[in-house]
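S.K.: sharing a model prediction with you, sequence too.
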Amino acid sequence: MEEIRIYHSIWKNIGLIAICFVFVATGILMLLRGEQSFIAWTCILFFGGGGLFVLFLILREIISHKAYYIITDESVSMDSGMKKWEVRFADVEEFYLMLFGNIGTGWTFIIVSSSKQIGIKYKKEVEFQKMNDASSVGRTFRKLNERLAGIQESLPADGLNIKPQELCDLLNMRLTR
């Protein structure tokens, strides 16, 4: 079968980038008005950094033609710009779609956000090996993930040029081959 390359979608991420830069502008305006507050600096640093990172990912993929995910017959690999990661299909029992939702309050409005992830259910012996090979910090995160989501690892599925459910179905289809 042919290799499948999946990229971030500019159009699906433009809203996220715009919201990040609105928060940065708000933080800058607060500082210009003389408000030296933790909130202003948090807006600038957190949202500015996040917006720039998403923009970096998209531009890197466009300019260098490096896909975020590459799906082959044997594995799916992810290149996040900071780390490369590979999941071998021989190690996996199944992939499934997970939705994480958050509801919080902003200054005068309610913030509703959700994140779609592809959960990776590894075979028992692989789960055990991954836990043993992890550092103490890694083991802590793996145990926390198991308690919260029932899995040790997942793949981000938001903002891509393929729908999350289609990506999950594609991975499961490759898994059965």
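M.R.: On my side now, so go ahead. Predicted model, so just to flag it, every value in this text is computed and none were measured.
S.K.: got a list of what the spatially most central residue of the chain touches?
M.R.: The chain has residue 156 as the residue nearest its centroid, 3.5 Å off, counting by CA atoms, centre = their mean. Shown in contact with residue 156 (CB atoms under 8 Å, 6 or more residues apart in numbering): 115, 116, 117, 118. C-betas here are computed from N, CA, C, even on glycine.
S.K.: if we go to 10 Å?
M.R.: 8, 68, 69, 78, 80, 115, 116, 117, 118, 164 (CB atoms under 10 Å, 6 or more residues apart in numbering).
S.K.: for it, phi and psi?
M.R.: phi -60, psi 140 (degrees, to the nearest 10).
S.K.: helix, strand or coil: sort out the residue lying farthest from the centre of the chain for me.
M.R.: Using CA atoms, centre = their mean, the residue of the chain lying farthest from its centre is residue 34. It sits 36.0 Å away. Following DSSP: H, G, I helix; E, B strand; the rest coil, the label given to residue 34 is coil.
S.K.: distance-wise, check it relative to residue 140.
M.R.: 42 Å (CB to CB, to the nearest Å).
S.K.: quick one: contacts for residue 57?
M.R.: Residue 57 touches 7, 8, 13, 66, 68, 79, 80, 81, 82, 159, counting by CB under 10 Å, 6+ apart.
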